[in-house]
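Trainee: take this sequence and fold it.
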Amino acid sequence: MNIVFVNTYCGSVGGVEQNIADVVDGLRERGHQCTLVYRKESPNGAVAYRSRFNQTVACADDAGLTAELTRMINQRPPDAIYVHKVETVRPLIPLKGRVRLVRMFHDHDECCPRRHKYFAFSDKICNQPAGWRCWADLAFIERDLTKPTGIRLRNISTHALELRLNTELFDTALTASRFMSDELAMNGFSKNRIRCLPPCVRMSERQPVPAPDNHEILFVGQLIKGKGVDLLLEAVAKLQRPWHLTVAGDGNARCSLERRANELGISKQVLFAGWVRRDALDALYENCRILAVPSRWAEPFGMIGLEAMHRTRPVVGFAVGGIPDWLENSVNGFSVPEGDTEAFAQALDRLLSNIDLTRTMGLNGRHKLNSLFAYDGYIDKLLSILQGKEIM
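Mentor: Sure thing, here's the model as predicted:
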């Protein structure tokens, strides 16, 4: 197949770009041609990223993107254009009906003007379609520290138009979880065109190290409100067993989280490690007993769970968004009700008090990963979707 990927960035930025890289590696190993059309170059690893593709093309604006994709269709029509994270799909409108268009919806941006999918005032997950509630939740206001007021206004009407274009444009809309599939359907996407394709991570085949008999809890992720580290701090402050928490990551909430740890009287038991390199992160996983996923927002999937399962570490997490698709309660960890820090603490205590249970759940996670989230199976399913075959 000849597949054209469309994404805002070329280079290492986040989970979207990593997913594209993993997919392209698998496709090219099978002899498929992969081209990347992008708008911006990441300052991190752009040269190495470009080398993954047969061809890469930078487009400065919307008109350039439309022109480049049209040129490709006229010269050598791709079998599919696979769209990922873009600011707008308007440049793709002239391509409708001329080539197969598939999009992976990585997050809530198209369906939620606030992007977070939880209410501003209650912090509860929103299970409603975009509409009048967005106005009531002040979704037309967003933070912008470059402005004197610290905020700027978002045009919800423009967002609604972009959402409608997405519902009409794509032959197939891909999601990573049942939650995301339901979200698209609730917002006007045809159920017949939605396909759930849980992601995978191409990981090493080395044998995992059994969970150590220690009291180490690990969090890995951005330090932003949606990741719920404040909820995790409240939970560990309630633990009955000895414990230590390492927080690996950085973000705009770090200072407030450090203050919160002080307020709770637990600062000596919490290490804020900052951003951690991949090789150092491996060591943190090996040294931890439990991975905590205290997300406040509805994780579209929660790739960190697969990382833990690969390393035979049980997970304690809130049952929000796509997390229940991989975190099976009492099997590979504990899934607790949204925002319930008491239940979160009880689940952590159970694992901290029983090393046999910890290791059994870790092994269960590894088996679940191999059976449901295998890399080759993922590539097989994606190819069938890009080809327009209905096997799912």
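Trainee: start to end distance for stretch 310-328?
Mentor: 15 Å (CA to CA, to the nearest Å).
Trainee: oops, could you answer that again for stretch 236-255 instead?
Mentor: Start-to-end, stretch 236-255 (CA to CA) is 18 Å.
Trainee: now it: mean pLDDT?
Mentor: Summarised as a single mean, pLDDT over stretch 236-255 is 96.
Trainee: what does stretch 67-86 give?
Mentor: When pLDDT is averaged along stretch 67-86, the result is 95.
Trainee: list the buried ones in that stretch?
Mentor: By 16 or more other CB atoms under 10 Å, the buried positions in stretch 67-86 come out as 68-69, 72-73, 78-86. Bear in mind the C-beta positions are built from the backbone N, C-alpha and C, glycine included.
Trainee: so which of these comes closest to residue 368?
Mentor: Distance to residue 368 across those (CB to CB) is lowest for residue 84, with 26.4 Å.
Trainee: now that closest one. Nearest residue, chain neighbours left out?
Mentor: Excluding the flanking residues, the one nearest residue 84 by CB to CB, 6 or more residues apart in numbering is residue 7, at 4.3 Å.
Trainee: who touches the one you found in this structure?
Mentor: Contacts for residue 7 (CB atoms under 8 Å, 6 or more residues apart in numbering) come out as 16, 17, 20, 36, 37, 38, 83, 84, 85, 86.
Trainee: tell me how far it lies from residue 1.
Mentor: Plainly put, residue 7 is 18 Å away from residue 1 if you go by CB to CB, to the nearest Å.
Trainee: do the same with residue 260
Mentor: From residue 260 across to residue 1, the span is 50 Å (CB to CB).
Trainee: between these two, which one's more packed in?
Mentor: Neighbour totals were compared for residue 260 and residue 1, and residue 260 leads with 18 against 14 (other CB atoms under 10 Å).
Trainee: so what's that one up against?
Mentor: So residue 260 contacts 230, 233 (CB under 8 Å, 6+ apart).
Trainee: hang on, it in a helix?
Mentor: Yes - according to DSSP: H, G, I helix; E, B strand; the rest coil, residue 260 belongs to a helix.
Trainee: mind pulling up the pLDDT for it?
Mentor: In this model, residue 260 is scored at 97, pLDDT.
Trainee: roughly how far apart are it and residue 231?
Mentor: 10 Å.
Trainee: over to residue 29?
Mentor: Plainly put, residue 29 is 41 Å away from residue 231 if you go by CB to CB.
Trainee: got it, and residue 261?
Mentor: Separation of residue 261 from residue 231 (CB to CB): 13 Å.
Trainee: show me which of those two is the more surrounded one.
Mentor: Taking other CB under 10 Å, residue 261 and residue 231 do not tie; residue 261 has more neighbours (22 against 19).
Trainee: surely the more buried one meets residue 270?
Mentor: Yes - using CB atoms under 8 Å, residue 261 is in contact with residue 270, at 4.8 Å.
Trainee: need the overlap of contacts for the two.
Mentor: Common contacts of residue 261 and residue 270 (CB under 8 Å, 6+ apart): residue 233.
Trainee: about what we covered before: out of the buried residues of stretch 67-86, which are inside helices?
Mentor: Among the buried residues of stretch 67-86, DSSP state H puts 68, 69, 72, 73 in helices.
Trainee: columns distance to residue 152 on top of the residues you listed, output as CSV?
Mentor: Below are these laid out as CSV (distance: CB to CB, whole Å):
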residue, distance to residue 152
68, 31
69, 31
72, 36
73, 37
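Trainee: from those, which two are the most distant?
Mentor: Going by CB to CB, the pair spanning those furthest: 68 and 73, at 9.9 Å.
Trainee: now the strands for the stretch 251-392 of the chain?
Mentor: Along the stretch 251-392 of the chain, counting by DSSP state E, counting those that start in this stretch, strands occupy 270-274, 290-293, 315-318, 333-336.
Trainee: now distance to residue 196 too, for those, in CSV please.
Mentor: CSV is the format used below for the strands of the stretch 251-392 of the chain (distance: least, CB to CB, whole Å):
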stretch, distance to residue 196
strand 270-274, 34
strand 290-293, 20
strand 315-318, 20
strand 333-336, 19
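Trainee: domain map for this structure?
Mentor: Per automatic domain parsing, the structural domains of the chain span 2-114+156-201+374-386, 216-372.
Trainee: need the winner for burial among these.
Mentor: Among these, domain 216-372 has the highest mean neighbour count (mean count of other CB atoms under 10 Å), at a mean of 19.
Trainee: mind checking the end-to-end distance for that one?
Mentor: End-to-end distance for domain 216-372, by CA to CA: 28 Å.
Trainee: just the helices in the stretch 101-250 of the chain please.
Mentor: For the stretch 101-250 of the chain, the helices defined by DSSP state H, counting those that start in this stretch occupy 132-136, 156-169, 178-186, 229-236.
Trainee: so which of these is nearest residue 385?
Mentor: When these are compared by CB to CB, helix 178-186 sits nearest residue 385, at 13.5 Å.
Trainee: which other helices and strands contact that closest one?
Mentor: Helix 178-186 sits against strand 172-175, strand 194-196, with contacts defined as 3 or more CB pairs under 8 Å, 6 or more residues apart in numbering; DSSP states H and E.
Trainee: and these as TSV, adding distance to residue 112?
Mentor: Below are the helices and strands packed on helix 178-186 laid out as TSV (distance: least, CB to CB, whole Å):
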stretch	distance to residue 112
strand 172-175	14
strand 194-196	17
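Trainee: in JSON lines, list those strands along with mean pLDDT and distance to residue 115.
Mentor: Below are the helices and strands packed on helix 178-186 laid out as JSON lines (pLDDT from 0 to 100; distance: least, CB to CB, whole Å):
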{"stretch": "strand 172-175", "mean pLDDT": "97", "distance to residue 115": "16"}
{"stretch": "strand 194-196", "mean pLDDT": "96", "distance to residue 115": "20"}
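Trainee: right, and those - which one's nearest residue 162?
Mentor: Using CB to CB as the measure, strand 172-175 is the one of the helices and strands packed on helix 178-186 that comes nearest residue 162, at 14.1 Å.
Trainee: partners of that closest one, with directions?
Mentor: According to DSSP bridges, strand 172-175 forms sheet pairs with strand 101-104 (parallel), strand 194-196 (parallel).
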